[in-house]
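Asks: Take this sequence and fold it.
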Amino acid sequence: MSTVYHDEANPVPSNPADAEMHVDQKHALDFADENKGVDVTEVREAAEHLTLEDAKRIIHDAIDGRETDPNFDQGLLKRANAALNAEALSHDVALGLVEEIKLEAALMDDSPYVEVRASVSNTDDHTLPINTFRAWFIGLAFTLVGSGINVFFSARNPGIVVNTFCAQVLSYPFGMLFAWALPTKSWTMFGHRCSLNPGPFNIKEHMLITIMANVTFGGVTGVYSTDIIFVQRLPQFFNQNAVGGNAGYQIMLTLSTQLIGFCMAGFSRRFLVYPPAMIWPANLATIVLNRSFHQDTNPIAHGWKISRLRFFTYVFFGYGMYFVLPDCIMGFLTYFNWMTWISPQNVKLAIFTGSISGLGINPITTFDWSYLSALNNPLVTPLFSTLNLYAGAVIIGLIMIPAIYFTNTWNTGYLPINSNHLFDNTGGRFNVSKVLNPDFTLNVQKFEGYSEAYQSAGNAVVFFAFFAVYTATLMHIILYYRPEVINGFRAVMQRKNPRDAYHDVHNRLMRRYKEVPEWWFGIVLVISLALGIAANEHYHTGIFFCVIMGGIFVVPVGIIVAITNIEITLNVIAEVIGGYTLPGRPLAVMIFKTYGFISTAQAVGYAADMKLGHYVKIPPRTMFTAQLIASILACFAGLGVADWQIVNIKGICGSAQINNFTCPGYNTFFNSAVQWGAIGPARLYSEGKIYYPLVFGFLFGAVFPIPIYFLTRKFPNSYWKYVNTPAFIYGALNWAPYNLSYLTPGIPIAIYFQGYLRRNRLAWWTKYNYILASALTAAVSIFGVIWFFAILYKNYAPIWWGNYISYGGPDQDGCDANGCPWLAIPDKGCFGPAPACPAGGLA
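Replies: Down below sits the predicted model:
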């Protein structure tokens, strides 16, 4: 069976078995043709260079252990297994299958994952200059400016965030300008030819700039230590300006928190960067946008001739101009809680359908991309992951929250159903100042005479899910990725090069470049720990324990992100452990949380960028230098801006600050430190305390993955393989203050783009899906800044029906906006076991 496809001169085999193989073979070629944007000849030419033994080895390596991988194409897996089992066929058919095996191997040698083949080039031009003056100048400039802008506006309400796509889009014209303007004269230095302008601005320089900027733009953290500096120095918080304002303390704290994660990422490369199964879905949108600026080819996709760059331009400017409507002029397009407009004061209607404080049960919730992609980007996140996320939010949230609320469990019926605030027994905000001593330690007598700290039903479910997702993540990795983790640690003990364990095209191409020895990261880690110990000498927070905790979770959390595009943060487990180990010391708990949470979050962000460099073939030592230098400069930029704000902005973080620098994030950070450090988890979650049942979330998370795993092993071709228990549980974290209204509009988008188009219009999906995601996100980011300064900063947003209807009217007195409780407070003025009602909480 040596049929050549797309060639009418070659007949279709008459034997039914051969005909079936002919169809599978044609499918493989069509798949390669659509997915890679190349003709059949290219795949065949690659296949001709393979021996049968090499082809089988490639296929075996590609599918080994992938039976339970939800990102692996099921049809490709079946064809690969059929190719490997060709010996079971008749002699004539087996000979005919040689070509098919080689073709399948050529396809899988690129990448067995269609998303990666759609986004990442399988070639490398090692002659492209990377360490250029313009790349470093532009990259570090965006690092400094971006870090400063993000820190500056993080104190404002509403704030603005400059993200990765801003740097990626805006750096391109600067790179082109430098390529046009700088002199091309070259000279020799230390045996190397140097030039300010070595040629056209190229894709590797562009990605290096993006990676430098990602130090402050990427991930969920940025220069996180500025939160500590604000809360520590300002008088309305801890008022420790003498310590918090010390430059040496600030620098040591910031550098240590930033660089410990960088080192963890370096040590985890063999788990998170080099394995082909770690696809990092969010990276693919970044790569596609990068390639659109530098790629000349424009294959036609299902009749669409428009280039990626032009498509990006149309969507970017089109949505950017539209974004002024939901962002500034017609706010109801963001919070489209249209059912509450019927009766804004109807409590139950707001509870079930409200988008602001309700459950968000609403088929049409928003017309704002920034809103529907705030928790999950449906164009980037794999379909199975999006569906797991939504199923967890619906099944766990809509069962547990109403059950808790309408049975008035833990007195939740007297509170808003879905708030992330703490409340006292009058239904008002818990006033922490009533239970603290002047040194911010807990006054037990005042606490017992005031009130229990109550949570809403939605917040209780969130904490149950947090407890569950940590153990579920560890158990999921043990069950599903046990061989990979064991082999990785075995390679560490045997001192093997981590890249040698993988033979895919990207790892082979990267072998040209020198690897970064792990002792480089070890030196940086020792320095970072020394800085952290010096910074924490006064607070005795146990920095080594924080780092060990982060080290335990970095690989499991990183694997989940790389597979599902869902990042599990350690902020709650760090607060709980810190609260138990450092009781009554809120400032120490705050610093403990920072090291425990940040080490893993930063490591995941750095590892994602290392994968970007791996995909684009940036030499690892260049990556190391760029990430390290950019990280250090971002720390100084963030600290400089924070110090300037504290000294020069009058009334900063006050509720009546004239320019709205009211610091909502820093207030939350402070309240969290007081809640977990002063009040402490022992008074909330220990045995016999009010929220002790939520602790069984740890047990639920440890047990839940086990039956799912065995069902997947028993029925490998069933839908059970697509059930990801950490992603499912993580869905329940999207309550309080969020709700279903953030997730529901993304479901039809995900099903259409990641489901229908990916299966039936693969060429179109390959060419345009990720560029569409990049264009929408970049438009929100860049035009959000423009509309902020043009309209919101000057308070020019119109006061009219379209901007206040979502809040119940011009007085913003709707129940959705204000979280009206189901039950009225008893006549005595409070609920719960307190002997007397307090004067009242904070409104």
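Asks: now the strands for the stretch 101-250 of the chain?
Replies: 186-189, 192-195 (DSSP state E, counting those that start in this stretch).
Asks: which one of those is the most hemmed in?
Replies: Highest mean neighbour count of these: strand 192-195, a mean of 12 (counted as mean count of other C-beta atoms under 10 Å). For every residue, glycine as well, the C-beta is placed using N, CA and C.
Asks: looking at the strands of the stretch 101-250 of the chain, which is closest to P275?
Replies: Nearest to P275 among the strands of the stretch 101-250 of the chain is strand 192-195 (33.9 Å), distances taken as C-beta to C-beta.
Asks: got the contact list for the closest one?
Replies: 184-188 (C-beta atoms under 8 Å, 6 or more residues apart in numbering).
Asks: okay, the strands of the stretch 101-250 of the chain in JSON lines with mean pLDDT next?
Replies: Compiled in JSON lines, those are given as follows (pLDDT from 0 to 100):
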{"stretch": "strand 186-189", "mean pLDDT": "74"}
{"stretch": "strand 192-195", "mean pLDDT": "76"}
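Asks: Would you tell me which of those strands gets closest to P821?
Replies: strand 192-195 (68.9 Å).
Asks: Nearest residue to K305 in space, ignoring adjacent ones along the chain?
Replies: N298 (7.2 Å; C-beta to C-beta, 6 or more residues apart in numbering).
Asks: F447 too?
Replies: Nearest non-adjacent residue to F447 (C-beta to C-beta, 6+ apart): V435, at 4.2 Å.
Asks: residues touching that neighbour, list them.
Replies: Here V435 is in contact with 442-443, 446-447, 450, 678-679 (C-beta under 8 Å, 6+ apart).
Asks: Tabulate those (a markdown table), appending pLDDT.
Replies: Compiled in a markdown table, the contacts of V435 are given as follows (pLDDT from 0 to 100):
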| residue | pLDDT |
| --- | --- |
| L442 | 84 |
| N443 | 87 |
| K446 | 89 |
| F447 | 88 |
| Y450 | 89 |
| A678 | 84 |
| I679 | 87 |
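Asks: Which members of the residues you listed define the maximum pairwise distance?
Replies: Y450 and A678 (12.6 Å).
Asks: Name the residue in these two with the higher neighbour count.
Replies: Shown here are Y450 and A678; by other C-beta atoms under 10 Å, A678 has more neighbours (24 against 21).
Asks: Skip the chain neighbours and tell me the closest residue to the more buried one.
Replies: Closest to A678 by C-beta to C-beta, 6+ apart is L442, at 4.3 Å.
Asks: Neighbours of the one you found, how many?
Replies: L442 is flanked by 21 other residues according to other C-beta under 10 Å.
Asks: Please verify my assumption that it contacts I679.
Replies: Yes - in terms of C-beta atoms under 8 Å, L442 counts as a neighbour of I679; the distance is 6.2 Å.
Asks: that older thread, spell out the secondary structure type for the residue nearest to K305.
Replies: At N298 the chain is in coil, as set by DSSP: H, G, I helix; E, B strand; the rest coil.
Asks: In contact with it, which residues are there?
Replies: 305, 307-308 are the contacts of N298 under C-beta under 8 Å, 6+ apart.
Asks: follow-up on the earlier one: what is the residue nearest to A678 paired to in the beta sheet?
Replies: Here L442 sits in beta bridges with L436, going by DSSP bridges.
Asks: Give me the distance between it and I658.
Replies: As judged by C-beta to C-beta, to the nearest Å, L442 and I658 stand 34 Å apart.
Asks: quick one on the thing from earlier: if I look at the residue nearest to F447, how far off is I679?
Replies: Applying C-beta to C-beta, the value for V435 to I679 is 7 Å.
Asks: Look up how far G596 lies from the residue nearest to F447.
Replies: 25 Å.
Asks: for M189, same thing?
Replies: M189 is 45 Å from G596, by C-beta to C-beta.
Asks: list residues touching both of V435 and I679?
Replies: With C-beta under 8 Å, 6+ apart, V435 and I679 have common neighbours 442, 447.
Asks: burial measure for L272, as a count.
Replies: L272: 26 neighbours (other C-beta under 10 Å).
Asks: surely it meets I559?
Replies: Yes - if you go by C-beta under 8 Å, L272 and I559 touch, sitting 6.9 Å apart.
Asks: What residue, apart from its backbone neighbours, is nearest A403 spatially?
Replies: Using C-beta to C-beta, 6+ apart, the nearest residue to A403 is T409, at 7.7 Å.
Asks: what do you get for F592?
Replies: Here the residue nearest F592, using C-beta to C-beta, 6+ apart, is G578, at 3.7 Å.
Asks: Quick check: that neighbour is in a helix.
Replies: Yes - the assignment for G578 (three-state DSSP) places it in a helix.
Asks: Please name the residues that touch it.
Replies: 541, 588-589, 592-593, 596, 676-677.
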